[in-house]
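> coordinates only, sequence not included:
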């Protein structure tokens, strides 16, 4: 039996992805979902005073969804997500500043931290919003200065939650992860697929 048809390999999926992240797109494609449209919602990503990491990602995913709805009014479904790394209550946001990246990586060095992703799926026809919040624990080895500075030179840390990419060179510093690997890349695939299954779009 030829099963590739259910994966809709070459056809577009009736979903708009409200995310500028190329990693999210790759992850969706990995499970056979090619969104028919991609929009780049522009939102203010500054954390609010005393906002906890889990509240922060849920709020941002919600704001991306609202922006995505405005940008694609005809879309039957919109998928939005936001990912953040957190050391305790502290949000480790994406950065382009090497000094901030160094500070964040020193904070993660030798410790466990959490990565949260909030995923939201909106069905325009039923007006139903379903969401998931996924948390993964990542254990970093203690980084030597040499390791830290050679990593900063790779530029891989730019625009990544926590200033590292688990699917890149930083994998050589990560002792273990507890939970969803794809969540740390930027989209928890099992939970995202569950939301899409809930709409009857995939088996």
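Yep, that arrived. Note that the coordinates shown come from a computational prediction; the quantities given were computed from them, not determined experimentally. Numbers count the residues shown, from 1 in each chain.

> Run through this structure and note the low-pLDDT ranges.
For the chain, the stretches flagged by pLDDT under 70 are 1-11.

> quick one: residue 114 is in a helix?
No. Counting by DSSP: H, G, I helix; E, B strand; the rest coil, residue 114 falls outside a helix, being strand.

> Count the neighbours of it for me.
20 (other C-beta atoms under 10 Å). (Glycine included, C-beta is placed from N, CA and C.)

> mind starting the numbering at 6 from now?
Understood, numbering begins at 6; the last thing we discussed is residue 119.

> What separation is there between it and residue 17?
34 Å (C-beta to C-beta, to the nearest Å).

> Residue 157 now?
39 Å.

> Counting neighbours, go ahead and name the busier of the two.
Neighbour count, other C-beta under 10 Å: between residue 157 and residue 17, residue 157 has more, with 17 against 11.

> got the contact list for the more buried one?
Taking C-beta atoms under 8 Å, 6 or more residues apart in numbering as the contact definition, residue 157 lies against 103, 106, 107, 110.

> Those, buried ones only, as a ChimeraX selection?
Remark: buried members of the contacts of residue 157, expressed as a ChimeraX selection using 16 or more other C-beta atoms under 10 Å:
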select :106,107,110
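
> so which of the contacts of residue 157 comes closest to residue 69?
residue 106 (23.4 Å; C-beta to C-beta).

> Tell me the backbone dihedrals of that closest one, please.
Residue 106 adopts backbone torsions of phi -60, psi -40, taken as degrees, to the nearest 10.

> nearest spatial neighbour of it, skipping sequence neighbours?
Excluding the flanking residues, the one nearest residue 106 by C-beta to C-beta, 6 or more residues apart in numbering is residue 168, at 4.0 Å.

> Make sure residue 167 is indeed in a helix.
Yes. The assignment for residue 167 by three-state DSSP puts it in a helix.

> ok, now how distant is it from residue 109?
Counting by C-beta to C-beta, the separation of residue 167 from residue 109 is 6 Å.

> So for those two, which residue has more residues nearby?
Remark: of residue 167 and residue 109, residue 167 carries more neighbours, 29 against 24, as counted by other C-beta under 10 Å.

> How about the more buried one: what's its closest non-neighbour residue?
residue 90 (2.8 Å).
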